[in-house]
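Asks: got a structure for you, letters missing:
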C-alpha cells in the first residue's frame, strides 16, 4: 500500500506527518513525501540527487536547501516516535501547473492508495471564495484523502466516525469504511444527523443495523440538529472520535454540492482529521 504525503514545510504539514507515519504503520504502507513548487519546467529530484554535488540552473539552491532541511526534520520526527522503520521516500517536484494539479497527477500516476495532507483551515471570505490546497485535493482526488488540521493532536486511533444520509448505494461506503477501520483496529460509529425525524430514515437505519448485527466493531447512531455541520461536529467531539469519514461526491448536482460543502466546512472547522472517500461513479468518470 502506498501513501502520498505532500508537504509545504508548514507546521500543519509537520503535524500531519505523524498521522501519516502512524497510519502507514497500521496499514503496512510506504510513504512518498513530495514538495511541489511552480516553475518553468517539469523536473523532479529524489533524495539521492540531493546528496550529490550536482545542481540544475532551473532550480535555485534555496529550494534545495529548504527541502533538505525539511527531509531531516521529518526523519527526526519519525525517529523520535520510534517510527523510523517506516519506508519513506522523498522527492522535490518543479511543475508548470498548479501545486494542486501536481499532487493529483502524482497520486494518480503512481497509483497511490491514500493521500494524507495537513491544513490550517480557513475562515470567512477566504473560505468562501478560495478554499485550501487540501480541500481542492479532497474534491478531485481519485483515492481517499485524509486531511489533518494543524490543531489535531494524535492520541491514537480508536474511534472512527462515518457520516451517512441513508441513501441508495451507501452500504458500499459503510463496507469500505469498516475495512479501513479494521486495519487500524478501531471501532466505526456511523452517524446520521437530521433536522427532523422522518420514519423513512428510521427504516433505513434499521436495515443498516440489521446488516451488521453480528459485527461488534460497528454501531449506528442518529441525532437531530437544525445545523447539520454543527450536529456532526458536536457528536464527534462529545464521543471523542479520532477520524471522521465522509464520502466525496461530484459537484454536478445541487444536492451533491451541498454534500461537498458540508465536507469542506467540517474539514475547515474541526480539529478532528477528516477522511474522504471518492464517489465510485466520480472515479469511474475520471478514468
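Replies: Perfect, thanks for sending it. Computed from a prediction, not measured in an experiment: that's the story for all the values here. Numbers count the residues shown, from 1 in each chain.
Asks: which non-adjacent residue is nearest residue 95?
Replies: Closest residue to residue 95 apart from its sequence neighbours, by Cβ to Cβ, 6 or more residues apart in numbering: residue 102 at 4.1 Å. Backbone N, C-alpha and C define where each C-beta goes, glycine included.
Asks: sorry, slip of the keys, the one I care about is residue 236.
Replies: residue 161 (5.1 Å).
Asks: neighbours of residue 94, just the number please.
Replies: When neighbours are counted by other Cβ atoms under 10 Å, residue 94 registers 20.
Asks: who's it bridged to?
Replies: Beta bridges link residue 94 to residue 37, residue 43, judged by DSSP bridges.
Asks: flag the shaky bits of the chain, pLDDT-wise.
Replies: For the chain, the stretches flagged by pLDDT under 70 are 38-61, 96, 121-131, 197-201, 249-265, 267-269, 280-287.
Asks: and the spatially most central residue of it, what are its phi and psi?
Replies: With distances taken as Cα atoms, centre = their mean, the chain has residue 146 as the residue nearest its mean C-alpha position (1.3 Å). Recorded main-chain torsions at residue 146 are phi -110, psi 120, according to degrees, to the nearest 10.
Asks: was I right about it contacting residue 112?
Replies: No: Residue 146 is beyond contact range of residue 112, at 11.8 Å (criterion: Cβ atoms under 8 Å).
Asks: check which helices and strands the stretch of helix or strand residue 181 belongs to sits against.
Replies: Per DSSP states H and E, residue 181 falls inside helix 170-183. Helix 170-183 makes packing contacts with strand 159-163, strand 187-194, helix 199-211, strand 218-224, strand 243-248, strand 274-278 when contacts are defined by 3 or more Cβ pairs under 8 Å, 6 or more residues apart in numbering; DSSP states H and E.
Asks: run the angle between that helix and helix 199-211 for me.
Replies: 40 degrees (axes from the mean of the first three to the mean of the last three Cα atoms, to 10 degrees).
Asks: next, the angle from helix 170-183 to strand 218-224.
Replies: 120 degrees.
Asks: in helix 170-183, what's buried?
Replies: The neighbour-count check on helix 170-183 (16 or more other Cβ atoms under 10 Å) flags 170, 173, 174, 176, 177, 178, 180, 181 as buried.
Asks: beta partners of the residue lying closest to the fourth one once chain neighbours are set aside?
Replies: Leaving aside its chain neighbours, residue 176 sits nearest to residue 277 (5.9 Å; criterion: Cβ to Cβ, 6+ apart). Judged by DSSP bridges, the bridge partners of residue 277 are residue 247.
Asks: what's around residue 277, how many residues?
Replies: Using other Cβ under 10 Å: residue 277 sits among 20 other residues.
Asks: quick one on the thing from earlier: could you say which helix or strand contains the residue nearest to residue 95?
Replies: helix 99-109.
Asks: and that helix, which residues are buried?
Replies: For helix 99-109, by 16+ other Cβ under 10 Å, it's 99, 100, 102, 103, 104, 106, 107.
Asks: distance to residue 117 for those residues - can I get that in JSON lines?
Replies: As requested, the buried residues of helix 99-109 are arranged in JSON lines below (distance: Cβ to Cβ, whole Å):
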{"residue": "99", "distance to residue 117": "11"}
{"residue": "100", "distance to residue 117": "10"}
{"residue": "102", "distance to residue 117": "13"}
{"residue": "103", "distance to residue 117": "8"}
{"residue": "104", "distance to residue 117": "11"}
{"residue": "106", "distance to residue 117": "12"}
{"residue": "107", "distance to residue 117": "10"}
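Asks: for the residue nearest to residue 236, the count of nearby residues, please.
Replies: 26.
Asks: hang on, it packs against residue 240?
Replies: No: between residue 161 and residue 240 there is no contact under Cβ under 8 Å: 9.9 Å.
Asks: from residue 215, how far out is the residue lying closest to residue 132 once chain neighbours are set aside?
Replies: Among residues not flanking residue 132 along the chain, residue 119 sits closest, at 5.3 Å (Cβ to Cβ, 6+ apart). Taking Cβ to Cβ, to the nearest Å as the measure, residue 119 falls 32 Å from residue 215.
Asks: looking at those two, which is more packed in?
Replies: residue 119 (26 against 11).
Asks: quick one, what contacts that one?
Replies: 12, 132, 133, 134, 135, 147, 148, 149, 150, 267, 268 (Cβ atoms under 8 Å, 6 or more residues apart in numbering).
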